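Student: Need coordinates for the below:
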Amino acid sequence: MLRYLIITLLTVSMLGKVSGQGNFVFIGEVYGRTLDGLANFQIQNFSGQAHQGKVYLTVKENISKNVVVNMVSPLITLSQGNNQFPVSAYTGSSFSFPNNAMAAIVSQTRNFPPGEYTYTFRFQPNDKSDDFESVVDANIQPLVPINLISPADQDKICEKRPPLSWQPPVPYPPSMRFRLQLTEKKRGSDIENLLMSAPLVLLDNIPSTTVSYPSYAPDLQEGHTYVWQVIAYQNGIILSKSDIWEFTVQCSDSAKANPNDSYRELRELVNGNYYYATTYLKFSYQNHYNIRKLDYEIYETEGGSKKIKNLPDIPLNPGHNKIDIDLSQLDLEEGKHYIIKVYPFNEPAVIVRFVYQENSNQ
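Tutor: Residues are numbered from 1 along each chain as shown. Next up is the predicted model:
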């Protein structure tokens, strides 16, 4: 008797899971990022016979409670069992976008902004059989979040009007804009509230990923610590926020490179002041993976982060290397600030800032 009771309960449980005539299978975190990705779903037909009908899809953002897009497919035929939604049916579907900011972004870019979404799929048969629907929730975040670059976190710099740069989030649509906030760090104060309520520098609607320190703002003060953050947004919708980084203005111990003993470990230079490179940029580098050539780039830190061209190839040996990059052969300007970005194999990039000098007497 107990055996038959268990079988009966299992049967009821299975019927509860498949109470309708079918089911939709959709992986929201993978395919729910783009409008084109919505085509990647399967339909399971449990009715035991084929049906013709239409698929209705509604995508809603749960925090704003806005419907972002509605889709209605042309007439399709569902065979028994599993059915991949046809590409031709998706391209032939009609789409409508409600009048709200998030829907406008999806309509313009075909990408869904970060948010918490509900995807509601419904199949409406043409005959008198029952319709069925499935609901999928997904949390969509940027594939790559926004990251600050310069000044580096916990850095000490000898610039009272420093340029500021960051890496945009991915995807990076052309209509994305940035808001930069910078203020002095004060002991006992909530940093996020300081940035929002009393920024020393507030720049909005920035189209690029590098800005000069604004002319209207006061000079940063020697010995003071500052915090900054960049926010990416589109059509008024925040897409990504950077971490809050801090740096200190400190000029008293700006160590100029000693031409006779200047091979400091590359990573030791990251959190120091600007490295003063006299004709040659010198550093030591550990080649742990037997890479044959140094993978690196040099950029200006002013005027839009222009990339320096025609960099020389730097051969590497296994283990410890002493690197000399002849800057005099490059198109660099005396006294100007630059960034060298080195890409170790299978490790994060190492970024070091330096000032170019043509002789050691300056």
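Student: Going by C-alpha atoms from here, please, whenever you check contacts or count neighbours.
Tutor: Fine.
Student: And the helices in the stretch 151-300 of the chain?
Tutor: Listed in chain order, the helices of the stretch 151-300 of the chain (DSSP state H, counting those that start in this stretch) span 191-197.
Student: can you count the residues close to the closest residue to Ser79 other than its chain neighbours?
Tutor: Of all residues not flanking Ser79 in the chain, Ala50 sits nearest, at 4.5 Å (Cα to Cα, 6 or more residues apart in numbering). Using other Cα atoms under 10 Å, Ala50 is surrounded by 12 other residues.
Student: what's the spacing between Ala50 and Gly81?
Tutor: Using Cα to Cα, to the nearest Å, Ala50 is found at 9 Å from Gly81.
Student: that older thread, now the residue nearest to Ser79: how far from Ser73?
Tutor: 17 Å.
Student: can you check Ser215 too?
Tutor: Using Cα to Cα, Ser215 is found at 55 Å from Ser73.
Student: Surely Phe132 touches Gln44?
Tutor: No - using Cα atoms under 8 Å, Phe132 makes no contact with Gln44, being 10.4 Å away.
Student: what does the helix or strand that contains Ala103 contact?
Tutor: Under DSSP states H and E, the secondary-structure element containing Ala103 is helix 101-109. With contacts defined as Cα atoms under 8 Å, 6 or more residues apart in numbering, helix 101-109 is touched by 34-35, 66-69, 97, 111-113, 173, 234-237.
Student: change it to 6 Å
Tutor: For helix 101-109, contacts defined as Cα atoms under 6 Å, 6 or more residues apart in numbering pick out 68, 97, 112.
Student: Out of those, which comes closest to Thr118?
Tutor: When the contacts of helix 101-109 are ranked by distance to Thr118 (Cα to Cα), Val68 comes first, at 10.1 Å.
Student: Please report the distance of that closest one from Asp324.
Tutor: Here Val68 is placed at a distance of 55 Å from Asp324 (Cα to Cα).
Student: which of these two has more neighbours?
Tutor: Val68 (23 against 15).
Student: Which strands and helices lie in contact with the helix or strand where the more buried one lies?
Tutor: Assessed by DSSP H and E, Val68 sits inside strand 66-72. Judged by 3 or more Cα pairs under 6 Å, 6 or more residues apart in numbering; DSSP states H and E, strand 66-72 is in contact with strand 51-61, strand 94-96.
Student: Tabulate those strands (CSV), appending distance to Pro207, mean pLDDT and mean neighbour count.
Tutor: Shown next, in CSV, are the helices and strands packed on strand 66-72 (distance: least, Cα to Cα, whole Å; pLDDT from 0 to 100; neighbours: other Cα atoms under 10 Å):
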stretch, distance to Pro207, mean pLDDT, mean neighbour count
strand 51-61, 26, 95, 20
strand 94-96, 29, 95, 14
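Student: Put together JSON lines for those strands, with distance to Gln329 on each row.
Tutor: JSON lines is the format used below for the helices and strands packed on strand 66-72 (distance: least, Cα to Cα, whole Å):
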{"stretch": "strand 51-61", "distance to Gln329": "54"}
{"stretch": "strand 94-96", "distance to Gln329": "57"}
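Student: Looking at those strands, which is nearest to Asn290?
Tutor: Closest to Asn290 of the helices and strands packed on strand 66-72, according to Cα to Cα: strand 51-61, at 48.8 Å.
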